[in-house]
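In: below: sequence and its predicted model.
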Amino acid sequence: MKKRVLILCTGNSCRSQIAEGWWRHYAGDRWEVHSAGIMPVGVNPLAIRVMAEVGIDISNQRSKGLEEYLDEPFDLVVTVCATADQACPTFPGTGRKEHWPFDDPIEARGDLEQRLAEFRRARDEIGARIRTWLAEHDPA
């Protein structure tokens with residue numbers, strides 16, 4: 001049986017969507033991966049774009065509300081922003097909760113290339129964190 005992870009963020013538009021894509025990429029055969037937001041706003045097109053640059057398609061992922069998962073058990077719940085960490089409810093049967101704060105690339109200003117650079121930075125940081133966590137806690 002696959003382990004289950006839920007990745008939470010405020011809008012479920014960028015950081016949690018990127019993390020969902022990376023987690024599936026690195027451990028999809030061992031983990032059932034979900035993401036949600038406190039106030040979902042849709043998947044950001046720049047998140048889709050920068051993940052496609054590394055060969056991971058998140059274009060079919062959708063922004064989901066936290067309430068979809070309130071009665072579900074998870075082996076791990078990860079919050080990737082302070083708002084989600086503070087608002088995170090207790091999920092039944094959750095084995096572990098961790099907070100991994102990442103800067104929000106949606107707040108980046110400037111032209112498209114400057115904004116893409118911030119999305120790429122976030123993508124790479126999130127991917128490295130997930131790869132490290134899986135190597136330490138769930139080696140293949």
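Out: Looks like it arrived, so ask away.

In: could you point out the longest helix in this protein?
Out: Ranked by residue count and defined by DSSP state H, the top helix of the chain is helix 112-137.

In: buried ones in it?
Out: Buried positions in helix 112-137, judged by neighbour count with 16 or more other CB atoms under 10 Å: 115-116, 118-120, 122-123, 125-127, 129-130, 133-134. Every residue, glycine included, has its C-beta placed from N, CA and C.

In: cool, stretch 48-65 as well?
Out: Neighbour counts over stretch 48-65 (16+ other CB under 10 Å) mark 48, 49, 50, 51, 56, 58, 61, 63, 64 as buried.

In: list the buried residues in the worst-scoring helix or strand of the chain on mean pLDDT.
Out: Lowest mean confidence among the helices and strands of the chain (mean pLDDT, DSSP states H and E): helix 82-87, at a mean of 78. The neighbour-count check on helix 82-87 (16+ other CB under 10 Å) flags 83, 84, 85 as buried.

In: quick check: closest non-adjacent residue to the second one.
Out: Using CB to CB, 6 or more residues apart in numbering and skipping the chain neighbours, the partner closest in space to residue 84 is residue 8 (4.1 Å).

In: tell me where the chain has strands.
Out: For the chain, applying DSSP state E gives strands covering 3-9, 31-37, 76-79, 97-99.

In: mean neighbour count, those: which tops it?
Out: Most buried of the strands of the chain by mean neighbour count (mean count of other CB atoms under 10 Å) is strand 3-9; its value is a mean of 25.

In: what does that strand contact?
Out: 15-16, 19-20, 23, 30-38, 66, 69, 72-81, 83-85, 88, 91, 138 (CB atoms under 8 Å, 6 or more residues apart in numbering).

In: before we move on, what about stretch 91-98?
Out: So stretch 91-98 is contacted by 6, 69-79, 88 (CB under 8 Å, 6+ apart).

In: from those, which is closest to residue 108?
Out: Within the contacts of stretch 91-98, the smallest distance to residue 108 is 21.0 Å, found for residue 79 (CB to CB).

In: if you count contacts, what does the longest helix of the chain end up packed against?
Out: Here helix 112-137 touches helix 15-27, helix 45-53, going by 3 or more CB pairs under 8 Å, 6 or more residues apart in numbering; DSSP states H and E.
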